[in-house]
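Provide a 3D model corresponding to the input given below.
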Amino acid sequence: MSNNPCDNNDPLGRSLTLGNPGDTPDPRMIYNGRRVVVEAYIENLKNKIPEIKSTLTELNDTISQMASDPTIPPVVVARLRTEVSRLLKRTVTQQDMLENLEEQYKELVNEENEEVK
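Reported below is the predicted structural model:
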């Protein structure tokens, strides 16, 4: 593993933690370089979720147009709608999880800052 936290093979900078590569790092072992990487990663995900929602909404609109086409069986339209609905729900769940992760991360950073003082 590279010591560069921006390395594509190590996007969260796990190689900067102490211990074995397979070990779960202690959340308090956050280095300044990793903070930047983690914050950028969270921000990147926060930006992608609305894009995904928008794409799924557009797909749902396209499926609605397909529903009026007599050559497309209704069962196909129903399956597509079901899948898009499932993906939208999953996206909302992931957005909630990301918000929780961001909140926990901020708490850890605040705890670490307090310990340093």
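
and residue 59, how close does it get to residue 103?
Computed as CB to CB, to the nearest Å, the residue 59 to residue 103 distance reads 31 Å. In short, each C-beta sits where N, CA and C put it, glycine included.

what about the protein, any weak spots by pLDDT?
Of all residues in the chain, those with pLDDT under 70 make up the ranges 1-33, 117.

switch the cut-off to 50
1-7, 14-20 (pLDDT under 50).

how about residue 97, secondary structure?
Secondary structure, DSSP: H, G, I helix; E, B strand; the rest coil: residue 97 is helix.

for the spatially closest residue to residue 84 that is not a sequence neighbour, which residues are in contact?
In space, and not counting its chain neighbours, residue 84 is closest to residue 60: 5.1 Å by CB to CB, 6 or more residues apart in numbering. The contact partners of residue 60, by CB atoms under 8 Å, 6 or more residues apart in numbering, come to 81, 84, 88.

from residue 87, how far out is residue 60?
10 Å.

swap in residue 101?
20 Å.

what helix or strand does the residue nearest to residue 84 sit in?
Residue 60 is part of helix 32-67, with elements assigned from DSSP states H and E.

tell me how far that helix is from the chain's mean position?
8 Å (CA atoms, centre = their mean, to the nearest Å).

again with stretch 63-72
Distance, centroid of stretch 63-72 to centroid of chain: 33 Å (CA atoms, centre = their mean).

and stretch 109-116, by the same measure?
That offset, for stretch 109-116, works out to 25 Å (CA atoms, centre = their mean).

what's the answer for stretch 83-90, then?
Relative to its chain's centre, stretch 83-90 lies at 16 Å (CA atoms, centre = their mean).

quick one: residue 94 and residue 76, what's the gap?
27 Å.
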